[in-house]
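Enquirer: Pasting the sequence and the predicted coordinates here, then a few questions.
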Number of protein chains: 2
Amino acid sequence: MPATERRELILEAAAKVFGERGYVGATTDAVAREADVSQPYVVRMFGSKAALFEAVLTRSLDRLLAMFRDAAAAFEEERATDPETELALCIGRNYVDLLRDRGILLSLMQAFMLGADPEIGPVARAGWMRVYRCLRDEIGLTSEEVVGILDRGMLINTLVGLRLAADWDDPDVSEMITTAMPQKAGIVRALADERG
Amino acid sequence: MPATERRELILEAAAKVFGERGYVGATTDAVAREADVSQPYVVRMFGSKAALFEAVLTRSLDRLLAMFRDAAAAFEEERATDPETELALCIGRNYVDLLRDRGILLSLMQAFMLGADPEIGPVARAGWMRVYRCLRDEIGLTSEEVVGILDRGMLINTLVGLRLAADWDDPDVSEMITTAMPQKAGIVRALADERG
DNA sequence: AGAGCAAGTAATCATTCGATAACCACTCCG
DNA sequence: CGGAGTGGTTATCGAATGATTACTTGCTCT
């Protein structure tokens, strides 16, 4: 297999493992197992675990920003036929699609929680502000609108990190997920089922 | 020093270290150093690192719920003179006070991100739902109102985890913090300054 | 054929970290 | 005095983990 393709497989596996266990808790061996290669190969391909994590973060961030741009484009198109539609709804739809690859959002979230780390912290803050500026300058939202998007996003990320949907039987759990994600609770539940 | 007092000191130190580095990244040695005791003492007092983390989580959760109850009481009192006041504002005021002990909110947040862990996950989910039920049943909010409180809370927790206020010089950073925490941006900035 | 390179693996090393064991100091009490 | 309980410490061990080295395999191009 060509190295570029293998690289993408490893990045995908790494995003999942980093998202589940956090930066320190994730082992290069677990990433290797998930990608079905040997542990030394993972380390040598990226140079170090830290470099692998940064590669995962830039990849995740690129996907997230691309999602926002896609959602904004879909919103513009949709508004032609339905002038009542809202951008937040379009973003919400596309956001849930990102959840299918849980690693993208959770690995970012794990980085955000390590702001005190002298190496990860600056990278995480820069990534966060790229999101803010994308929404404000490219999509053209006010700072209040951006914050309104981000806070619901952080709640959803937390619920995903919690694996709260695993307790869907609890009526309080289903109520809270349904309230937080009105349009997409069904999909979230299905994803939780199929992945335990 | 009596053991109960030492225990509280260690819990405080542990909350800070767990909040900064995450569960796996935090070492019992770092906790011990922060509490100014030896590493084996920390381990023996709580039995294991995992037991220490759970003790930190219950303590943090108790403080958080107590804060919500205090805020609700303050709201009732305040409404007598100002019928326009809002519960969210009262909670916001008290929430920022909790930030003075950053470990409380961040150690909880770190636990929420480990929902996939077979040991921490169930504890984290149970803790989260205690928060939800407290706000809904004791404070008497609708599920929509609870979610409205929680999502802004998760955004603030993320900003604190990021140590975003460290980049206050960046005008985009100050704009976004001020937008997310209109009443308390000044305090946040001061806290960031005094603690680096 | 065989040189050369790309894509990997097996074996191993040095550190780090949680945990354990053994020991020390002080105070209180008979 | 002496011993027992309380509040600690120093020394050390074993497992886990990131990294390194050296080897193997298979393809391609003269």
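Expert: Here it is on my side, so go on.
Enquirer: For A:Gly47, see how far away A:Met1 is.
Expert: From A:Met1 over to A:Gly47 the distance is 20 Å, taken as C-beta to C-beta, to the nearest Å. (C-beta placed from N, C-alpha, C; glycine too.)
Enquirer: Can you pull out the residues in contact with stretch A:4-16?
Expert: If you take C-beta atoms under 8 Å, 6 or more residues apart in numbering or on different chains as the criterion, stretch A:4-16 is touched by A:26, A:31-32, A:34-37, A:42, A:45-46, A:52-53, A:55-56, A:59-60, A:101-104, A:106-107.
Enquirer: after the longest helix belonging to chain A, next one along is what?
Expert: Looking across chain A with DSSP state H, the single longest helix is helix A:49-81. Counting by DSSP states H and E, the next helix or strand C-terminal to helix A:49-81 is helix A:87-99.
Enquirer: and the next helix or strand after that next one, does that touch DNA strand D?
Expert: Next helix or strand after helix A:87-99 toward the C-terminus (DSSP H and E): helix A:102-112. No - with C-beta under 7 Å from any atom of the strand as the criterion, DNA strand D is not reached by helix A:102-112; the gap is at least 13.8 Å.
Enquirer: Now do the regular element (helix or strand) spanning A:Glu194 and helix A:102-112, the angle between them.
Expert: Applying DSSP H and E as the criterion places A:Glu194 in helix A:185-195. With axes from the mean of the first three to the mean of the last three C-alpha atoms, to 10 degrees as the basis, helix A:185-195 and helix A:102-112 are set at 100 degrees to each other.
Enquirer: hmm, who's touching helix A:185-195?
Expert: Under C-beta under 8 Å, 6+ apart, the answer for helix A:185-195 is A:96, A:99-100, A:163, A:165-166, A:168, A:174, A:177-178, A:181.
Enquirer: make it 10 Å
Expert: A:93, A:96-97, A:99-100, A:102, A:156, A:159-160, A:163-168, A:174-181, A:184, B:116 (C-beta atoms under 10 Å, 6 or more residues apart in numbering or on different chains).
Enquirer: on that earlier part again, so which of the contacts of stretch A:4-16 are also by chain B?
Expert: Restricting those to those touching chain B (C-beta under 10 Å from any C-beta of the partner chain) yields A:26, A:102, A:106.
Enquirer: what's the spacing between the residue nearest to the last one when sequence neighbours are not counted and A:Ala26?
Expert: The shortest distance from A:Leu106 to any residue that is not its chain neighbour, by C-beta to C-beta, 6 or more residues apart in numbering or on different chains, is 2.9 Å, and that residue is A:Gly19. The span separating A:Gly19 from A:Ala26 equals 9 Å under the rule C-beta to C-beta.
Enquirer: and for these two, which residues touch both?
Expert: A:56, A:107, A:110.
Enquirer: The nearest residue in space to the last one that is not next to it in sequence: how many residues sit nearby?
Expert: Excluding the flanking residues, the one nearest A:Gln110 by C-beta to C-beta, 6+ apart is A:Gly22, at 4.9 Å. A total of 26 residues lie near A:Gly22 under the criterion other C-beta atoms under 10 Å in any protein chain shown.
Enquirer: residues in contact with A:Gly22?
Expert: A:Gly22 neighbours (C-beta under 10 Å, 6+ apart): A:106-107, A:109-111, A:113-114, A:161, B:21-25, B:110, B:113-114, B:117.
Enquirer: go with 8 Å
Expert: For A:Gly22, the contact set (C-beta under 8 Å, 6+ apart) comprises A:110, A:113-114, B:22-25, B:110, B:113-114.
Enquirer: returning to what we had before: between the ones next to chain B among the contacts of stretch A:4-16, which sits nearest DNA strand C?
Expert: DNA strand C lies nearest to A:Ala26 out of these, by C-beta to the nearest atom of the strand, at 14.6 Å.
Enquirer: Touching, that closest one and A:Val17? I think so.
Expert: Yes - the criterion here is C-beta atoms under 8 Å, and A:Ala26 meets it with A:Val17 at 4.6 Å.
Enquirer: about what we covered before: which two in the contacts of A:Gly22 are spaced the farthest apart?
Expert: Using C-beta to C-beta, the contacts of A:Gly22 span at most 13.4 Å, a distance reached by A:Leu114 and B:Leu114.
Enquirer: Would you quantify the distance from the closest residue in space to A:Arg69 that isn't next to it in sequence to A:Leu89?
Expert: Spatial nearest neighbour of A:Arg69, chain neighbours left out: A:Glu138 (6.8 Å); criterion: C-beta to C-beta, 6+ apart. From A:Glu138 across to A:Leu89, the span is 19 Å (C-beta to C-beta).
Enquirer: which bits of chain A sit near DNA strand C?
Expert: A:1-3, A:6, A:37-41, A:44.
Enquirer: and DNA strand D, which of these contact it?
Expert: A:39-40, A:44.
Enquirer: In a markdown table, list these along with pLDDT, secondary structure and neighbour count.
Expert: Converted to a markdown table, those look like this (pLDDT from 0 to 100; DSSP: H, G, I helix; E, B strand; the rest coil; neighbours: other C-beta atoms under 10 Å in any protein chain shown):
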| residue | pLDDT | secondary structure | neighbour count |
| --- | --- | --- | --- |
| A:Gln39 | 98 | helix | 14 |
| A:Pro40 | 98 | helix | 11 |
| A:Arg44 | 98 | helix | 10 |
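Enquirer: Switch those residues over to CSV; also include distance to A:Asp193.
Expert: Formatted as CSV, those follow (distance: C-beta to C-beta, whole Å):
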residue, distance to A:Asp193
A:Gln39, 32
A:Pro40, 36
A:Arg44, 38
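Enquirer: and which of these is nearest to DNA strand D?
Expert: Nearest member of these to DNA strand D, counting by C-beta to the nearest atom of the strand, is A:Pro40, at 3.2 Å.
Enquirer: No more questions from me, cheers.
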